[in-house]
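Here's my sequence, what's the structure:
(2 chains)
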Amino acid sequence: MSDTALIRLTNAGYQAPDRWLVEAVSLSVDPGEIVTLIGPNGSGKSTTAKLALGILKPTAGKSYRRKGLKVAYVPQKLAIDWTLPLDVEHFMRLTGQPSINAQTHAIQATGIQHLMHKELRLLSGGEFQRVLIARAIAREPDLLVLDEPVQGVDFSGENELYQLIGSIRDDLQCGILMISHDLHVVMAKTDQVICLNGHVCCSGAPVNVAQTEEFQTLFGLRGHSDLALYQHHHDHHHAPDGSIDHEHHEGCQHD
Amino acid sequence: MIDDFFVRAILAGAGLALIAGPLGCFVIWKRLAYFGDTLSHGALLGIALGLLFELNLELSVFLICTLVATTLMILQRRSSISSDALLGILAHASLAIGLVVLSLMTWIRVDLMGLLFGDILAVSKSDLWMIGATILVTGAVLAIIWRSLFAATVSRELAEAEGIRAQTVEMMFLLLIAAVIAIAIKIVGVLLITSLLIIPAAAARRISITPGQMMIASSVVGVVSVILGLLGSLNLDTPSGPSIVVAAVFCFLLSISPLGDSMRTSLRSRH
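Numbering: from 1, shown residues only, chains lettered A, B, ... in the order given. You can find the predicted model right below:
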């Protein structure tokens, strides 16, 4: 536990009126680090992200955010009502005025130039997702929180966006907390994976997590084959022994 | 000129419409139309209690509206009753209690019609000062918080995650609504207050493409409705409050006609 953490949950839990949504989650995100939450539906991924963001107050444990932390958030759901006259250009400035440079860069990187004057509610799912990501990047945050960032985006766009998320980390040296179903990409881009199922099942560097029993029970063979696929196609990212070439080899921590 | 009752009526009504415009946009965006209705029913209870305890009426209406709003927020979080039922219960409870209290105070003769439908032609000079001061203060507060309030309206979670104090600005917004209801009672009456909040805003929606445009358009529609309504009531000898609302409805109908579409198109091309 160093002092560099942007956010940290310590044994945090959240209790809805009828049940615990998550329990005993500990995690931290450092600058320049990508941490990914994976787990089945209803395993508490979004709740964990909201605890980390401070949208929800933990009913147990602690949640810490560095003072003055600049956050950008891509929520899982965002319904734009017909009554809201809001185009993409105004949406980009929703929670603050980003610098012109940052805005231009974000718009180009996500390929939404042609959408700037379109009303938000008229966008397709994939377009809307790109706009959400563009807005988040344009804020030049210290911490970027992405809840299923590529939902509804077509396959080639998906890869592009994940590339983009990786390059944002390199450009801004920001920390990234991501929720993703896409094991393939999780394994490729992430420094640390946290596997949730109401509590932390296992966590650590992707390659180590993938070999744990808990992971294989949760994701079955798909987890395996996705990892294999990844290793097959992206060998340039790998050490000769087949392990993922990342700095954060901490091994797998079990509960 | 200000001695003329008709000029005073137009000034009071136009002032109210100016501030009701942008606030009404938020009422519509946040789907609070019925909530506003509940608050304005609470206003009658405020008047009754104000008369009973010999308080300033605007002040007691403001306080009761704030109380009703806070009660609603707490009950909505805790209770298992759906919020529309809750709104209905609170609205009619406060309306009924207000009417009962008024009728029990046999020593005070109350112009019930004036309370329910407003009496804009009876606005006095001191009323005008009161209305002017309220508009200045609420306008200034709204100018400060509207961006945060708008962000929280689009997505509360997104706004909170990115450092906006959503709950604080939403509470301030409710206070602004309560203040506007307090001054609106004299002008359009308890039953028609929400119409000045939501009808101009609804008319503005069709002809605007940005939130700022919609708030300005809503004010303009409101002011036009007040002037048209008052002129109509003067010429046709109809009650002034309802005439204003009828004029606003007329503006709304215009906005959903093809004319509204062409206005929006011209705004877009300038955009």
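
Helices of the stretch 101-250 of chain B, start to end?
B:112-117, B:125-154, B:156-161, B:166-188, B:193-207, B:211-236, B:240-256 (DSSP state H, counting those that start in this stretch).

Contact residues of the stretch 101-250 of chain B facing chain A?
When proximity is defined by C-beta under 8 Å from any C-beta of the partner chain, the stretch 101-250 of chain B lies next to chain A at B:150-151, B:153-155, B:157-164, B:205, B:208-211, B:213-214. C-betas here are computed from N, CA, C, even on glycine.

Now, of the residues you listed, which are buried?
Neighbour counting with 16 or more other C-beta atoms under 10 Å in any protein chain shown marks B:150-151, B:153-155, B:157-162, B:164, B:205, B:208-211, B:213-214 as buried within those.

My guess is B:T134 contacts B:V180. True?
Yes - at 7.5 Å, B:T134 counts as touching B:V180 under the criterion of C-beta atoms under 8 Å.

Got phi/psi on residue 118?
Going with chain A. phi -80, psi 150 (degrees, to the nearest 10).

right idea, wrong chain: chain B
phi 80, psi 160.

Quick check: it touching B:I185?
Yes - the criterion here is C-beta under 8 Å, and B:G118 meets it with B:I185 at 7.0 Å.

quick one: which of those two has more around it?
More neighbours surround B:G118 than the other of B:G118 and B:I185, with 28 against 24 (other C-beta atoms under 10 Å in any protein chain shown).

Could you check how far that one is from B:A151?
35 Å (C-beta to C-beta, to the nearest Å).

now B:M263
When distance is defined by C-beta to C-beta, B:M263 is 27 Å away from B:A151.

What of B:P22?
Look at B:P22 and B:A151: by C-beta to C-beta, they are 15 Å apart.

Just want the residue of chain A that's nearest chain B.
Per C-beta to the nearest C-beta, A:Y73 is where chain A lies closest to chain B, at 3.8 Å.

how much space between that residue and A:I176?
With distances taken as C-beta to C-beta, A:Y73 is found 12 Å from A:I176.

Report the set of residues contacting both of the two.
Jointly contacting A:Y73 and A:I176 under the rule C-beta atoms under 8 Å, 6 or more residues apart in numbering or on different chains are A:V145.

How about stretch A:39-57 and chain B, touching?
Yes - counting by C-beta under 8 Å from any C-beta, chain B has neighbours in stretch A:39-57: A:50, A:53-55.

one step back: so which of the helices of the stretch 101-250 of chain B is nearest A:R169?
helix B:156-161 (18.7 Å; C-beta to C-beta).

Return the alpha-carbon coordinates of that closest one using CSV.
Taking Å, rounded to 0.1, in the frame of the first residue of the first chain, the C-alpha atoms of helix B:156-161 are listed here in CSV:
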residue,chain,number,x,y,z
ARG,B,156,-27.0,12.4,-11.3
GLU,B,157,-24.4,9.7,-11.1
LEU,B,158,-22.2,11.1,-13.8
ALA,B,159,-22.4,14.6,-12.2
GLU,B,160,-21.6,13.2,-8.7
ALA,B,161,-18.7,11.1,-9.9
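
could you say what helices and strands that helix packs with?
For helix B:156-161, the elements it packs on are helix A:45-53, strand A:71-74, helix B:125-154, helix B:166-188, judged by 3 or more C-beta pairs under 8 Å, 6 or more residues apart in numbering or on different chains; DSSP states H and E.
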